[in-house]
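What shape does this take:
(2 chains, ligands or ions: 2)
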Amino acid sequence: MRYSGLKVLGEGLFGNKGWKPAWRDPAPKAEYDAIIIGGGGHGLSTAYYLAKNHGMTNIAVLEKGYLGSGNIGRNTTIVRANYFLPGNSEFYSHSLKLWEGLESELNYNVMHSQRGLINLFHSDGQRDAFARRGNAMINQGDDAILLDREGVREHLPYLDFEQTRFPIYGGLLHPRGGTARHDAVAWGYARGADRRGVDLIQNCEVTGIDVSNGRVTGVQTTRGAIRAKKVGIVVAGRSSQVAAMAGMRLPIESHILQAFVSEGLKPVIHHVISFGMGHFYISQSDKGGLVFGGDLDFYASYAARGNLPMVEHVMEAGMTLMPMIGRARVLRSWGGIMDMSPDGSPVIDRTHVDGLFLNCGWNYGGFKAVPASGWCMAHLMATGQPHDVARRFRLDRFATGHLIDEEGTGSQHNLH
Amino acid sequence: MRIPCPLCGTRDRREFYYYGSDDYLNRPAADAPAAAWDDMLHNRDNPAGVTRDLWYHETGCAQWLAVTRNTVTHEILGSELVADLKTGPKSARKGGEK
Ligand SMILES: Cc1cc2nc3c(=O)[nH]c(=O)nc-3n(C[C@H](O)[C@H](O)[C@H](O)COP(=O)(O)OP(=O)(O)OC[C@H]3O[C@@H](n4cnc5c(N)ncnc54)[C@H](O)[C@@H]3O)c2cc1C
Ligand SMILES: [Zn+2]
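Ligands and ions are numbered 1, 2, ... in the order given. Predicted coordinates:
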């Protein structure tokens, strides 16, 4: 079923009785050409591009819960291409271009909104660093505008510019940055993959990876054994557990990141604002809720909920930056399990087992990466070769010293 | 979250700086192969369950602690002074969901 304005109109006139489920609910087959473990954003986009770009349609996505039950449905939806280092720069640039065509590509409204992202700076040194970052973005073909204090004031008149701890010197505006509807991205890719014949199998937890003579032969699941010559591990915060099934010990530590949403308000914040010094960022959803968050809780955790010190810290940072939000009431808070890598950058690579591929290490920035990650993972699984824009995301870079440490904070998993 | 310090008693989590897994205690010899350094710095068991990691009692006694705790429930099971640890960390680690 193709979605269109006409379709919505027609269904509205006839009681909305014609809508069908957006995807099938198939039972697993005994064998597939390829299996993707994990039905989050990255797993679903991998399946979509395997089918679309490489004609591999006899494939399955195995998800232990329901589609989109992981971080893809828990993030704060910022989409941007403002990276500095080679490796990240070309990859996120590619991803943003895919975002810009995603709705017509998927025939699905993912509510991609390029409302502009402003990263604030608070010292001369930080201004220099942001100018340099902006130049790297422009060199990559993306957009960046360095704003002085008055420039920021024009966009964000409601900030407290005179705060004593971090007075605002200016900001780096990335006009093509913005947000999207996170669930819709998962659903859009799921529907697109299903329509091309991919089996999306929910409530199917992978419990073992079968390897014989150094080659992957299939997986064990809570719904039986399934054979496949190619298997992709795309499970974000659970990467260490699933990779361990194939005897691997990953450079990943799982951490908790919290986020918050206020009651719905009239439109008041028109950009995505990031206040790095205070560990705070905010945007407003189309429903009106202020969506905001800060840093990790900083200790390894699988709890999917955080502790109060970080709640207090985020609220304080928000009040420092924009005291006007003090009257808004917080509706909900939650946490997601982040697959933190020692340099803050991801892995899309082969493994020591033939036919077994690994996609992990998205830290807290993997939402914007969903289109390009799937694109590159599909390329790797179909051709056996890394895609050009993801060729530096190697698993062995930690051992060889080719780290991609965007924040320059060193080899500590919780500092990225 | 409150963390028991052997010297100061049970204190608020905000008094502590978190470093990471107790793998950091397995510091290789200066002439060890690169793989040993890679393991110490980067690779982790990352268990969903009982783990042991290093916390610095920054605003208390300024001692490093090895804290045994559950990463799924956030329950704290015990702590020791790193200075008191004589054996390698793995030997003291309890089981749990891996
Ligand atoms: C609070 C928060 C805010 C964030 N904000 C942003 C942001 O603003 N911008 C941004 O770019 N990124 C952001 N992120 C990061 C982003 O959400 C993640 O990096 C990304 O979603 C991870 O990839 P994924 O979607 O594939 O993960 P997930 O949705 O977690 O998918 C992994 C799936 O694997 C499944 N799985 C695990 N083990 C098994 C198994 N054994 N068998 C079968 N299935 C299994 C899980 O159930 C899960 O559905 C944020 C994350 C959080 C938590
Ligand atoms: Zn102490």
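
what residue is smack in the middle of chain A?
For chain A, residue A:367 is the residue whose C-alpha lies nearest the centre (Cα atoms, centre = their mean; 1.6 Å).

who's in contact with that residue?
The neighbourhood of residue A:367, defined by Cβ atoms under 8 Å, 6 or more residues apart in numbering or on different chains, consists of A:41, A:71, A:72, A:75, A:76, A:77, A:78, A:79, A:180, A:182, A:185. Where you see a C-beta, it was placed from the backbone N, CA and C, and this is true even at glycine.

Relative to residue A:331, how far out is it?
Using Cβ to Cβ, to the nearest Å, one obtains 21 Å as the distance from residue A:367 to residue A:331.

Show me the helices in chain B, by range?
When assigned using DSSP state H, the helices of chain B occupy the ranges B:34-41, B:89-92.

worst average pLDDT in these?
Ranked by mean pLDDT, the helices of chain B bottom out at helix B:89-92, which scores a mean of 47.

For burial, what's the neighbour tally of the closest residue to ligand 1 within the stretch 201-350 of chain A?
As assessed by Cβ to the nearest ligand atom, ligand 1 sits closest to residue A:336 within the stretch 201-350 of chain A, at 2.2 Å. Other residues near residue A:336 come to 22 when the count uses other Cβ atoms under 10 Å in any protein chain shown.

Surely it is within a helix?
No - applying DSSP: H, G, I helix; E, B strand; the rest coil, one finds residue A:336 to be strand, outside a helix.

per-residue confidence for it?
Predicted confidence (pLDDT) at residue A:336: the value is 96.

So, low pLDDT: which residues of chain B?
B:86-98 (pLDDT under 70).

Need the residue closest to the centroid of it.
Most central in chain B (Cα atoms, centre = their mean) works out to residue B:53, at 1.9 Å.

roughly how far apart are the closest residue to that one other than its chain neighbours and ligand 2?
If you skip the residues right next to it in sequence, residue B:53 has residue B:21 as its closest partner in space, 5.2 Å away by Cβ to Cβ, 6 or more residues apart in numbering or on different chains. Noted for residue B:21: a distance of 20 Å to ligand 2, by Cβ to the ion, to the nearest Å.

Which one of the residues in the stretch 251-400 of chain A is closest to chain B?
In the stretch 251-400 of chain A, the residue that lies nearest chain B is residue A:251 (3.8 Å; Cβ to the nearest Cβ).

Test my guess that residue A:344 contacts residue A:414.
No - at 10.3 Å, residue A:344 does not count as touching residue A:414 under the criterion of Cβ atoms under 8 Å.

neighbour-wise, which of these two wins?
Taking neighbours as other Cβ under 10 Å, residue A:344 and residue A:414 compare with residue A:344 leading, 23 against 20.

so what's the more buried one up against?
Applying Cβ under 8 Å, 6+ apart as the definition, the contact partners of residue A:344 turn out to be A:363, A:404, A:405, A:406, A:407, A:409, A:415, A:416.

Helix, strand, or coil at it?
What three-state DSSP gives for residue A:344 is coil.

phi, psi of it?
Note on residue A:344: its backbone torsions stand at phi 80, psi 0 [degrees, to the nearest 10].

which residue ranges form the strands in the stretch 1-150 of chain A?
Counting by DSSP state E, counting those that start in this stretch, the stretch 1-150 of chain A has strands at residues A:31-37, A:59-62, A:78-79, A:117-121, A:145-148.

and if you look at chain B?
Using DSSP state E, the strands of chain B run over residues B:2-5, B:9-12, B:17-21, B:50-56, B:64-70, B:76-81.

Mind putting those into CSV with distance to residue A:91?
Output for the strands of chain B, formatted as CSV (distance: least, Cβ to Cβ, whole Å):
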stretch, distance to residue A:91
strand B:2-5, 39
strand B:9-12, 40
strand B:17-21, 26
strand B:50-56, 31
strand B:64-70, 35
strand B:76-81, 39
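
okay, now the domains of chain A?
Here the domain assignment for chain A is A:5-13+A:21-77+A:183-251+A:343-415, A:114-177+A:254-340, based on automatic domain parsing.

how about the shortest one, does it reach chain B?
Yes - with Cβ under 8 Å from any Cβ of the partner chain as the measure, domain A:114-177+A:254-340 is seen reaching chain B through A:254, A:298, A:299, A:300, A:301, A:302, A:303, A:307, A:309.

Just the closest of those residues to residue A:391, please.
In terms of Cβ to Cβ, no member of those lies closer to residue A:391 than residue A:254, at 26.2 Å.

Isn't that closest one up against residue A:242?
No - with contact taken as Cβ under 8 Å, residue A:254 and residue A:242 are classed as non-touching, separated by 12.0 Å.

any idea how far the closest residue in space to residue A:383 that isn't next to it in sequence lies from ligand 2?
If the residues on either side of it in the chain are set aside, residue A:383 comes closest to residue A:54, at 7.6 Å by Cβ to Cβ, 6+ apart. Per Cβ to the ion, residue A:54 is found 57 Å from ligand 2.

what's next to stretch B:14-25, contact-wise?
So stretch B:14-25 is contacted by A:253, A:298-300, A:309, A:412-414, B:3, B:39-40, B:43-46, B:51-60, B:64-66, B:82, B:85, B:88-89, B:93 (Cβ under 8 Å, 6+ apart).

pretty sure residue A:402 contacts residue A:391?
No - no contact is recorded between residue A:402 and residue A:391 when judged using Cβ under 8 Å, the distance being 11.0 Å.

ok, the two, which is more surrounded?
Neighbours of residue A:402 and residue A:391, each counted by other Cβ under 10 Å, are more numerous for residue A:391; the result is 16 against 12.

that older thread, my guess is the residue nearest to the centre of chain B contacts residue B:67, does it?
Yes - taking Cβ under 8 Å as the contact criterion, residue B:53 and residue B:67 are neighbours in contact, 6.1 Å apart.

before we move on, back to that, pipe the strands of the stretch 1-150 of chain A into JSON lines and attach mean neighbour count, mean pLDDT and distance to residue A:2 per row.
Rendered in JSON lines, the data for these read as follows (neighbours: other Cβ atoms under 10 Å in any protein chain shown; pLDDT from 0 to 100; distance: least, Cβ to Cβ, whole Å):
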{"stretch": "strand A:31-37", "mean neighbour count": "24", "mean pLDDT": "98", "distance to residue A:2": "25"}
{"stretch": "strand A:59-62", "mean neighbour count": "27", "mean pLDDT": "98", "distance to residue A:2": "22"}
{"stretch": "strand A:78-79", "mean neighbour count": "24", "mean pLDDT": "98", "distance to residue A:2": "25"}
{"stretch": "strand A:117-121", "mean neighbour count": "25", "mean pLDDT": "98", "distance to residue A:2": "33"}
{"stretch": "strand A:145-148", "mean neighbour count": "16", "mean pLDDT": "98", "distance to residue A:2": "38"}
